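3D, please:
(chains A and B)
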There are 2 protein chains.
Amino acid sequence: MATATDDVDVLIIGAGPAGLTTANSFNGSGLRVRLIDIKAAPLQFGRADGLKSISMEVLDSFGIGDTILKDAQPCEEIVLWHPDPKRDGVISRTMTIPDRVEELGQIERVMVENLYKHGSVRVSWNTQPVALHTDLSSIDDPEAYPSTLTVQNTETKIRETIRAKYVVGGDGAHSWLRKYLKIGFSGDLTDSTWGVMNLVPKTNFPDIRKVFVVHSKVGTVMGVPREDKLVRLYISMDGSTRHTSVNAQNIAPEKILEAAQAILAPYTLEAGRIPWSSAYNVGQRVADEFARYDRIFLAGDAVHTHSPKAGQGMNTSIQDGYNIGWKLRYVLEHKADRGLLSTYQSERRPVARALIDFDKAYLESFARKDITHDEFLDAYLAGQAFTTGIHIQYPPSLLVRPVSTNSQPYATSLAPGKRLPDFQMVNQSDAVPIQAYHRFTNDGRFRLLVFPGDLSQGVAFSRYTQLGEWLASSLAPSSGLEIITIHATKRGDVELLDLHPVFRPWSDEEGWDYWCVYADDDSYHKGHGRVYERLEISKAEGLLVLLRPDGYISLICGFEKAGALVDFFKELKPKSRTRLGATGGGRQSHL
Amino acid sequence: MATATDDVDVLIIGAGPAGLTTANSFNGSGLRVRLIDIKAAPLQFGRADGLKSISMEVLDSFGIGDTILKDAQPCEEIVLWHPDPKRDGVISRTMTIPDRVEELGQIERVMVENLYKHGSVRVSWNTQPVALHTDLSSIDDPEAYPSTLTVQNTETKIRETIRAKYVVGGDGAHSWLRKYLKIGFSGDLTDSTWGVMNLVPKTNFPDIRKVFVVHSKVGTVMGVPREDKLVRLYISMDGSTRHTSVNAQNIAPEKILEAAQAILAPYTLEAGRIPWSSAYNVGQRVADEFARYDRIFLAGDAVHTHSPKAGQGMNTSIQDGYNIGWKLRYVLEHKADRGLLSTYQSERRPVARALIDFDKAYLESFARKDITHDEFLDAYLAGQAFTTGIHIQYPPSLLVRPVSTNSQPYATSLAPGKRLPDFQMVNQSDAVPIQAYHRFTNDGRFRLLVFPGDLSQGVAFSRYTQLGEWLASSLAPSSGLEIITIHATKRGDVELLDLHPVFRPWSDEEGWDYWCVYADDDSYHKGHGRVYERLEISKAEGLLVLLRPDGYISLICGFEKAGALVDFFKELKPKSRTRLGATGGGRQSHL
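Down below sits the predicted model:
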């Protein structure tokens, strides 16, 4: 029962998708970050229900998207089955819908390996939190460690005291941290019950290797093909009703398989291997608070639970972790005031609420016996649109500056607070095509995307050169910005070394930087990205887009309004009051 | 100086591309295979000069293509520079040619990791061969261990005696094994001298991140971009002449850099880091024998050396290893007579000779001062065509059966002895598109590709079903064949379970096999492979293609000539005389 102590900048509880994404945001940072988890090792089978493109972009920005995709099972089409009235209610295939989801088993393992590779985050397995104390007198002092968490090794029983500037709880639906803070978890009072199972199927059901939803008279089965010949099945355990009081704890794997067999009849289903199965009661709930004092944050299943059907649990958790991760890093690196952190709750809680609303409607559509085919399809397609993330728009804040109404209308498909869509661009120097999020790696920096238009036009070229001079003298040196150019010129008509040096920075160790200027042009083997066209950017006017480290857009302006960038970073900067506190002139500090 | 002993089926000397490819051919085999190398660990920087598609197909079949590509630097275009007579001979860019090569630094490391992952091959580093004895009396006994190799640990000096049924030497241009066997290495008497260097360039040469060839008045530089901001440069060290007597041992890195600077002037070139550099004399040579007694084989640089210019060293070495690897495995698994092994020399030596002839012409084109632009381009394009491997055709043998002249003309773009081109096909059961060589993993099995045409046509369907019945009764059970169907039907018009079970085998553990039937059809997101069209296969007639484990075509026939398959495997099988020997009734054996 010996105790040790540790002081960290960030303590993360829970190595699930939310916690691991938060942790990966600190790779290469030099901050002191710890991740603890009660498990003995990362989950091998994963709980993912399909990764949407928005999550792949996050993984790409950590440099692990390709590794995860390598073992992924792509899901190309979704098939719906319903009782056929003409055949006495026997199930029959009613619709096939194209889809594009990657079904991943290894994501948590790869994210942990990435932490080990970078070595920036200390990971402690077999470790559970047992007590938390928060010193309210120091919460406004940016250099203080207000939270003291006692943790215990589940094997040795040795306890340790960890003092943390910030705590992130990604500890799941039964979150210890949420309960400890007595944060309400509101929503339905009753649950529906689901069984879930990974199995190697022996069956004559013809769509077993597709994503399928079978809605029979006695319940619902959803299937998702996975790696190694496995299929993941979600099975309704309370028949076609809900609001039952079935206790998921008492459901054996045989019962889950039996329920699936009844729903899939007259097709047969036997199990080869069943490497994993589980059952759970699920209600749609959202936490009342996502953050306390802007010192303790909750993310992922700890603040929103819902059915597995829409495949959104993992995606939303990843986005939560990605949102809080860079913000903590940015504040801890003294680049912004603590006030920035309040945007975590204001940005992510509305997304969780919208997700739960969607999930409710979606689950209703599964549970209703009398649903028509068209109603089901509507609900399904609404889910597909939701899951791409393109409808999410964060509200105006320190980080999101609306386009002023009297300015020119720029790029109608982009908007502050929305995510920059991924696109292909071609490197100016080596002609290699690359997806934007492969290039925009997560290093905690804002990025200024310069779309200068067609540089073979004299007007565009001189406007671009002037911007370069202005950036070099006023903004670039102090802001820590990375500047990326995407021009709309035939690549062969541009020579990198003719461009202003601020767009291709020199390093005494490595010469010119060849990875900051790209063309929106044909590639040799992968076609044309057509980003100006797709994002509706005027080649004549050009455009500046300021991108947050998480890929959301902070600010959009024309070249003539570039001064707005200076204002943006001035308002973000730590206040002098705070800086005094940091150097010991202000409030009490633990340092 | 203690000695240990070991008995192995195959002993491989040298963990370069040839040896590692041979070794990877035994993954999952259960045979006793050892790989020894004098190095302390796998080469980190690699010596690859660009991987051609033919090599990528091999790596895909080992399941490691994606891993290697992940860190690869794609090279999209090649730029040529020549002295400009109008500008007093100053070099200027004369041509830009699209290319598609992956520049890899990690290939040897990944191949070693793949050996560790499968655990089928024992790898011993720091181990060099010191003596070899071959028992000529037992070379015809398939179960004998005719070769006894003494090896020594370079650190502990401990010696070990290894008895081997077969030995493969992939031990490089200065091959110990080739010299020990006194095998002649014929070709040029004189060498040219080259420097080679990995560096982070600090330069104003505008094409530094492309593949470039600068042919100036004072020599030649070839550049290839690599990972981590590195560029690989090849620099002629004897100016624009050859047949010099410069000794490569005496050339310091500074001299190599100086030579590059002189050639690239008036552009400047400085080096940031130089993680690796070397210099060597090179002559075009081919070994007189590639095999001795069909018990000892030589592969890779041990049997052919040439300039680095065409980027063929690694590709040809991989193909050597891939050729001998599966053949040894097949014979050792008692599926074929030892006579099969004679095809290694008959297939690979002509390729090496053709490579050297090409390289000679290519090097001449670099060395000539008066070469015209068109002449250079011709030589260059000849190289490109050569490097895809599509012009290689192995001669008729036990393994390659020419189409008899009185049979119908099938699939004009396919030919026995040529490699099956890679193509995309769509899985019948899950709609996932896949490249053929991702599916055709290297497991030592022959594959029968069944192209039944359009199965929605009654004639085609019943012909296909009859073939299924015949295969089930006559061939499939005993041959160890894998049968893959690629039909030319709209995927939605075919139900897997309607097809004859021989095409979708049942397993009591895993149910139906969903990975044996594919459609030549549109995919949702990656277009249409159009393999019938590209390979000129008649949808009306259909076609059978027997594929060797290394992806070369053994036999092509129509459905009505399927009996040829039975004859093929009958002739391949171990002779009863040999089997008597194996069971002790024949010659003296060491067992």
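
which parts of the stretch 151-300 of chain A are helices?
In the stretch 151-300 of chain A, the helices defined using DSSP state H, counting those that start in this stretch lie at A:176-180, A:253-264.

these: which one's closest to chain B?
Ranking the helices of the stretch 151-300 of chain A by proximity to chain B (Cβ to the nearest Cβ) places helix A:253-264 first, at 13.8 Å. From N, CA and C alone the C-beta is placed, and that goes for glycine too.

could I get the helices of the stretch 151-300 of chain A as JSON lines with distance to chain B, mean pLDDT and mean neighbour count?
Compiled in JSON lines, the helices of the stretch 151-300 of chain A are given as follows (distance: least, Cβ to the nearest Cβ, whole Å; pLDDT from 0 to 100; neighbours: other Cβ atoms under 10 Å in any protein chain shown):
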{"stretch": "helix A:176-180", "distance to chain B": "36", "mean pLDDT": "96", "mean neighbour count": "18"}
{"stretch": "helix A:253-264", "distance to chain B": "14", "mean pLDDT": "94", "mean neighbour count": "20"}
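
okay, the closest residue to chain B within the stretch 201-350 of chain A: pLDDT?
Across the stretch 201-350 of chain A, the shortest distance to chain B (Cβ to the nearest Cβ) belongs to A:K202, at 3.5 Å. On pLDDT, A:K202 comes in at 96.

so for it, what's the nearest residue that isn't a sequence neighbour?
Nearest residue to A:K202 in three dimensions, chain neighbours excluded: B:G511, at 3.5 Å (Cβ to Cβ, 6 or more residues apart in numbering or on different chains).

just A:R163 next, same as before
That would be A:Y145: by Cβ to Cβ, 6+ apart, it lies 4.0 Å from A:R163.

contacting residues around the one you found?
A:D7, A:S138, A:R163, A:A164, A:K165, A:H590 (Cβ atoms under 8 Å, 6 or more residues apart in numbering or on different chains).

please pick the buried ones from these.
A:S138, A:R163, A:A164, A:K165 (16 or more other Cβ atoms under 10 Å in any protein chain shown).

which of these sits closest to chain B?
Comparing the buried ones among the contacts of A:Y145 against chain B with Cβ to the nearest Cβ places A:K165 closest, at 34.3 Å.

and the gap between that closest one and B:A23?
Using Cβ to Cβ, to the nearest Å, A:K165 is found at 51 Å from B:A23.

return the residues of the stretch 201-350 of chain A in contact with chain B.
For the stretch 201-350 of chain A, the residues in contact with chain B (Cβ under 8 Å from any Cβ of the partner chain) are A:201-204, A:206, A:208-210, A:225, A:229, A:270, A:272-273.

kindly export stretch A:442-452 (C-alpha atoms) in PDB.
The C-alpha atoms that make up stretch A:442-452 are tabulated as PDB, following Å, rounded to 0.1, in the frame of the first residue of the first chain:
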ATOM      1  CA  ASN A 442      -1.800  16.800 -35.900                       C
ATOM      2  CA  ASP A 443       1.000  19.000 -34.500                       C
ATOM      3  CA  GLY A 444      -1.100  21.500 -32.500                       C
ATOM      4  CA  ARG A 445      -0.600  24.300 -35.000                       C
ATOM      5  CA  PHE A 446      -3.100  26.500 -36.800                       C
ATOM      6  CA  ARG A 447      -2.700  26.400 -40.600                       C
ATOM      7  CA  LEU A 448      -3.200  29.200 -43.000                       C
ATOM      8  CA  LEU A 449      -4.400  27.800 -46.300                       C
ATOM      9  CA  VAL A 450      -3.600  30.300 -49.100                       C
ATOM     10  CA  PHE A 451      -5.600  29.800 -52.300                       C
ATOM     11  CA  PRO A 452      -4.000  32.400 -54.600                       C
END
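
can you name the residues that contact the residue of the stretch 51-200 of chain A found nearest chain B?
The minimum distance from the stretch 51-200 of chain A to chain B, using Cβ to the nearest Cβ, falls at A:E76 (3.7 Å). Neighbour list for A:E76: A:P98, A:D99, A:R100, A:K210, B:D430, B:A431, B:V432, B:P433, B:S523, B:Y524, B:H525 [criterion: Cβ under 8 Å, 6+ apart].

try it again at 10 Å.
A:98-101, A:209-211, A:225, B:426-427, B:430-433, B:523-526 (Cβ atoms under 10 Å, 6 or more residues apart in numbering or on different chains).

name the helix or strand for the most centrally placed residue in chain A, please.
For chain A, the residue whose C-alpha lies nearest the mean C-alpha position (Cα atoms, centre = their mean) is A:Q319; its distance is 2.4 Å. Element membership for A:Q319 (DSSP states H and E) is helix A:313-332.

next structured bit after that helix?
helix A:343-367.
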